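A.B. asks: Need a 3D model of the sequence below.
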Amino acid sequence: MTGAADVDAVSEFCLDGEFDLGMRLQGLQPEVRERYPTRFCVVTEGAGARVHFSAFGYSNPDMADNYAVSYFPPDRVRLVNRDSPPDIDFAGKPVLDESLRYRRLDPRRLLEELAHHPEYVDGSGDNGWLRVRYPGSPYAARIRINEERLHELRTFAELPLRGRVETVWTWDWSDPQQPVATLEIDRDEVFVATGTWRQLSDAAVATLWDPSNGEQPREIPGDRWPARVNMRLITLADGVYVMRGVRTGFHHIVVETDAGLVVGDAPAGWVELPQIPPADLVPGLGISGLSQGLIDYLGQEFAGIPVRAVALTHVHDDHAGGARAFAASGAAVYAPAGVAAYLQQALNRPRMPTDALRPQNAALEVTPVATRLLLDDETRPVELLEIGRGPHVEHSLGILEPKSGYFFQSDLHVPNSEADEPRPDRAATECWFARWAVANLPQHAVVINTHTTIETPLPRLARYLESAACQALGAG
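C.D. replies: Numbers count the residues shown, from 1 in each chain. Coordinates of the predicted model:
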């Protein structure tokens, strides 16, 4: 392939461009153009199966991500922590299919793989089109190859709030040394980037696969990679609980009232779009699987007590995408007023896959929450509070159990320690939320969140506002 590195050498292929979080439904507003700089790189070797994938970009508007993963097929994957060793090795889980999905980001390697595995091809057509079935993928891919170059790849994915959609990679070879790749989801342009190759030196290759700084990796069971379901119910106060481990890093408040359970957020899967074909972090569960598992678990723990309501804290698809499972169970669905209409339309798309709601032939209704809504109850009322526009999202809700003071929000306050100052990488959002919390929550409030297990009493958030970071942002 013209412009590519030696096919037999260890080489790096990078895509540098912009990713649209609005189209991914992870932006400040759904489907609004919000482009952020993004870089995906994959290191591959001609004769070996090892793959190194690294990424820089934004999974949310207020936080950049920078991570690297090395794959050692057949059953080891390493999370690379060069800035803060040790690395983490996940051992004992088959990873070949996942490593190949990243390897195919390099169009040269994709064509090379097809040449070595003609059994993947189960049909061909005019103008260079092939029908390809990759192992482990539920959908066939259609691939167009002309003049020994990849020009187009079409397949499907199931995305929360979108349903079953076509994903299309196209390649423009006007400059063979720097091809331009475009990824579309359901005809929306999500990622546009320029590709470049470079051959790695012997010295770079020698250190690439070694542990960071030579320090022995910490080894944990492979079934924890990349995410797993490990639910357990933790009591916070009388009638107030947190459900841990709905999937790795996902925790949800549960409040028991006389009329039934109130739950914070409807979790859904996360599809890795840089992989070809795209795949979910927790395969096999589909869009509604995580929320359905949460509902089933609660049904066992609270026998005879229904889920009364689910409050969607914000519009991001991994927090709201499982709401159809809650609606099918009879729960009312609440969301911030500014996105309630959008969520109702998105969750009722006809292309949603078959789930528990489909046989009921009923539309999901989303009740908007503006400012404050009281779910009245003689024993334990629950308040839904609009938090407002911030750096993370334009519309968000929190869930308050007034008696205990526990307040649940998902992504606005995600501390990684019990320090009296915000984490530096999220200071803008943390300081903004601290200011809102001090002004609007009761003095005995304790804030909990989706992504960490740390509980934050309100006085600690007040001390945030005294920190240098918040003072510099004008949040004091």
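
A.B. asks: Break the protein into its domains for me.
C.D. replies: 11-113+151-224, 232-412 (automatic domain parsing).

A.B. asks: among the ones you listed, which is the most enclosed?
C.D. replies: Neighbour counts (mean count of other Cβ atoms under 10 Å) averaged over each of the domains of the chain peak at domain 232-412, with a mean of 20. For every residue, glycine as well, the C-beta is placed using N, CA and C.

A.B. asks: Going along the chain, name the helices of the stretch 151-300 of the chain.
C.D. replies: Using DSSP state H, counting those that start in this stretch, the helices of the stretch 151-300 of the chain run over residues 202-208, 289-301.

A.B. asks: swap in the stretch 351-476 of the chain?
C.D. replies: 427-440, 458-464, 468-472.

A.B. asks: Show me what the longest one is packed against.
C.D. replies: Packed against helix 427-440 by the contact rule (3 or more Cβ pairs under 8 Å, 6 or more residues apart in numbering; DSSP states H and E) you find helix 458-464, helix 468-472.

A.B. asks: what would the domains of the chain look like in a markdown table with mean pLDDT?
C.D. replies: Below are the domains of the chain laid out as a markdown table (pLDDT from 0 to 100):
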| stretch | mean pLDDT |
| --- | --- |
| domain 11-113+151-224 | 95 |
| domain 232-412 | 96 |
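
A.B. asks: Let's have these in TSV, adding distance to Thr453.
C.D. replies: Formatted as TSV, the domains of the chain follow (distance: least, Cβ to Cβ, whole Å):
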stretch	distance to Thr453
domain 11-113+151-224	16
domain 232-412	7
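
A.B. asks: quick one: which of the ones you listed is nearest Trp432?
C.D. replies: Proximity to Trp432 (Cβ to Cβ) singles out domain 232-412 among those, at 4.9 Å.

A.B. asks: how about the strands in the stretch 251-400 of the chain?
C.D. replies: Assigned by DSSP state E, counting those that start in this stretch, the strands in the stretch 251-400 of the chain fall at 260-264, 271-272, 279-280, 307-311, 332-336, 366-369, 372-375, 382-386, 397-401.

A.B. asks: Could you provide these in a markdown table, with additional columns for distance to Ile454?
C.D. replies: A markdown table is the format used below for those (distance: least, Cβ to Cβ, whole Å):
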| stretch | distance to Ile454 |
| --- | --- |
| strand 260-264 | 16 |
| strand 271-272 | 27 |
| strand 279-280 | 27 |
| strand 307-311 | 21 |
| strand 332-336 | 25 |
| strand 366-369 | 26 |
| strand 372-375 | 26 |
| strand 382-386 | 21 |
| strand 397-401 | 16 |
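
A.B. asks: closest one to Phe156 among the ones you listed?
C.D. replies: Nearest to Phe156, of those and by Cβ to Cβ, is strand 271-272 at 10.8 Å.

A.B. asks: what's the closest one packed up against?
C.D. replies: On a contact count with 3+ Cβ pairs under 8 Å, 6+ apart, strand 271-272 meets strand 149-159, strand 279-280.

A.B. asks: Which neighbours in the sheet does that strand have, and how are they oriented?
C.D. replies: strand 279-280 (antiparallel) (DSSP bridges).

A.B. asks: which residues are contacting the partner strand?
C.D. replies: Glu98, Arg101, Gly136, Ser137, Glu158, Gly269, Trp270, Val271, Glu272, Gly286 (Cβ atoms under 8 Å, 6 or more residues apart in numbering).

A.B. asks: what's the spacing between the last one and Leu161?
C.D. replies: When distances are taken as Cβ to Cβ, to the nearest Å, Gly286 and Leu161 turn out to be 13 Å apart.

A.B. asks: Also the second one?
C.D. replies: Using Cβ to Cβ, Arg101 is found at 23 Å from Leu161.

A.B. asks: Could you do Gln300 as well?
C.D. replies: 28 Å.

A.B. asks: In this structure Ala356 contacts Phe326, no?
C.D. replies: No. With contact defined as Cβ atoms under 8 Å, Ala356 does not count as touching Phe326 (9.7 Å).

A.B. asks: Can you name the residues that contact Arg324?
C.D. replies: Arg324 neighbours (Cβ under 8 Å, 6+ apart): Ile287, Ser288, Ser291, Leu347, Met352, Asp355, Ala356, Leu357, Leu364.

A.B. asks: now do Arg33
C.D. replies: Counting by Cβ under 8 Å, 6+ apart, Arg33 has contacts Asp20, Gly22, Met23.

A.B. asks: from those residues, which is closest to Tyr36?
C.D. replies: Closest to Tyr36, out of all of the contacts of Arg33 and judged by Cβ to Cβ, is Asp20, at 7.9 Å.
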